[in-house]
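Trainee: Mind looking at a prediction? Sequence and model below.
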Amino acid sequence: QLLDAIEKVEDGVGDKHLAKKLQVAYEEKMRYFAKRIAETELARAYSIQTAREIMADDGVEFVQWRLSPAHPVEDICDYMAGVDKYGLGKGVYPKAVAPTPPAHPFCKCVLSPRLDLSGEQAKPKDNAQEAFFSSLSQKNQRKVAGSEDKLNRVKSGRDALEVHNSGIDPIYQ
């Protein structure tokens, strides 16, 4: 086989083979980017429509961030679904201040109305973020924050969602 490969290189076939492999790799990368954009923008459109419906419904006071069943790794979505900022349970927010998915490319998380909480009072908890992060291993803290640097900013008192959104165009936050 080695002699065959050497002969192909000498005959110029190796260059053609390499060019074909590079073209396939380039096309695969472009397909991945197109898929990422399409899936994320479809999720964004769905989420915007859901948020409009929830905001228009006077019977809904609270929503809950729910992770997609296909959620593969720890990231900022775990924070939004796991933090109890308002004393109403993990991932529950007053509808007017709830973060709206998607939080990152390929995010398929959703907001669900929590009708069972109607009439409850949201009581902001000062230490909710610290409690959430301290419940995670150091490795998962870094994953949820996004990096060691971002984790340090969160631990210094900055809001995790604010840190996540820093450097992201406001239209995509």
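Mentor: Cool, the structure landed. As the structure is a prediction and not an experimental result, all values here were calculated from the model. Numbers count the residues shown, from 1 in each chain.
Trainee: Hmm, A103 is touching H71, no?
Mentor: No: assessed by C-beta atoms under 8 Å, A103 is found out of contact with H71, at 10.7 Å. Using the backbone N, CA and C atoms, a C-beta is placed for each residue, glycine as well.
Trainee: Now do the shared contacts for these two.
Mentor: C77, C109 (C-beta atoms under 8 Å, 6 or more residues apart in numbering).
Trainee: And the two? Which one has more around it.
Mentor: Set side by side, A103 and H71 show more neighbours around A103, with 23 against 16, by other C-beta atoms under 10 Å.
Trainee: give the contact list for that one.
Mentor: Residues near A103 by C-beta under 8 Å, 6+ apart: D75, I76, C77, M80, C109, H164.
Trainee: pLDDT value on the first one, please?
Mentor: Meaning D75. pLDDT, D75: 93.
Trainee: Can you pull out the low-pLDDT segments for this protein?
Mentor: Within the chain, the ranges that satisfy pLDDT under 70 run 1-2, 5, 9, 14, 173.
Trainee: longest helix anywhere in it?
Mentor: helix 13-56 (DSSP state H).
Trainee: Give the other helices and strands that the next helix or strand after that helix contacts.
Mentor: Where DSSP states H and E defines the elements, the next helix or strand beyond helix 13-56 is strand 62-66. Applying 3 or more C-beta pairs under 8 Å, 6 or more residues apart in numbering; DSSP states H and E, we find strand 62-66 packed against helix 76-82, strand 92-94, strand 110-113.
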